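[1] Predicted model, plus sequence, below.
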Amino acid sequence: MSRAISPDTRINLERTAALLINDNPQGLDILSSIVQGFGLKEQIKCASPDDARAVIKRRSVDMVMVECASSTDSCDFVRWMRRDGPKTSAYTPVIILTGHASEGFVTQSRDCGASFVVTKPLTPMVLLQRILWLTKDQREWVECDTYIGPDRRVRNYGPPLGMAGRRAGDLSAHVGAALEPNMDQSDIDMLLKPQRVAL
């Protein structure tokens, strides 16, 4: 995820439709210039979450990037997309952009269903890396009473030591003590060596 993009990497965003939301006109222009540099031609620019809701109701988009002066507005928009917007919009990748990435805001963004949070100052390379990561994102989709969005567990290490998992598929990361001594390599070889069978 944090690895640099190889010079051999080729992506084509020409047919990608991106919804860009920023209530700061200068910030919207900067974001538009950055994604245009990626070859992304179809940009729908919105100056407010309300304008963006109207767009989402009319048509589908491939990606959303949102930044509002109020972090609550950004998260409310993503929550609306996931829960109350058209069904197709619920699965659209969403990147929240912010200049104030406190732990509380990142948690709030994750919990509203955002796919990623990118901090400012915005650099084209970082944003492109996150877009590439989203194209390969294989996280499961979660829908329950309190959350709709990508699985919030990007790294699944299982529950903490000594604690039972909350999910049926959780496995403990605790290995425990060996019940038998380790086999010697020659013993392993003998065990796996094909045996001759007399006919």
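    On my side now, so go ahead.
[2] host element of Leu19?
    Element membership of Leu19 [criterion: DSSP states H and E] is strand 17-22.
[3] Flag every buried residue along that strand.
    18-22 (16 or more other C-beta atoms under 10 Å). Every residue, glycine included, has its C-beta placed from N, CA and C.
[4] so what does the helix or strand following that strand touch, helix or strand wise?
    Following strand 17-22 in sequence order, the next helix or strand is helix 25-37 (DSSP H and E). Judged by 3 or more C-beta pairs under 8 Å, 6 or more residues apart in numbering; DSSP states H and E, the packing partners of helix 25-37 are strand 17-22, strand 42-46, strand 63-67, helix 124-135.
[5] re earlier: for the buried residues of strand 17-22, give me a markdown table that also has pLDDT and distance to Cys75.
    Below are these laid out as a markdown table (pLDDT from 0 to 100; distance: C-beta to C-beta, whole Å):
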| residue | pLDDT | distance to Cys75 |
| --- | --- | --- |
| Ala18 | 96 | 19 |
| Leu19 | 97 | 16 |
| Leu20 | 97 | 17 |
| Ile21 | 97 | 12 |
| Asn22 | 95 | 15 |
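[6] Let me see the ranges of the helices in the chain.
    Shown for the chain, the helices assigned by DSSP state H span residues 25-37, 49-58, 71-83, 103-112, 124-135, 185-192.
[7] any idea which of these is most buried?
    Of these, the one with the most neighbours on average (mean count of other C-beta atoms under 10 Å) is helix 71-83, at a mean of 20.
[8] In this structure Lys57 contacts Thr88, no?
    No. In this structure, Lys57 is not within contact of Thr88 by C-beta atoms under 8 Å, at 10.9 Å.
[9] any idea how far Ala47 lies from Ala90?
    24 Å (C-beta to C-beta, to the nearest Å).
[10] How about Phe116?
    Taking C-beta to C-beta, one finds Phe116 at 17 Å from Ala90.
[11] Those two: who's more crowded?
    Phe116 (21 against 16; other C-beta atoms under 10 Å).
[12] That one against Ala101, yeah?
    No. Assessed by C-beta under 8 Å, Phe116 is found out of contact with Ala101, at 11.6 Å.
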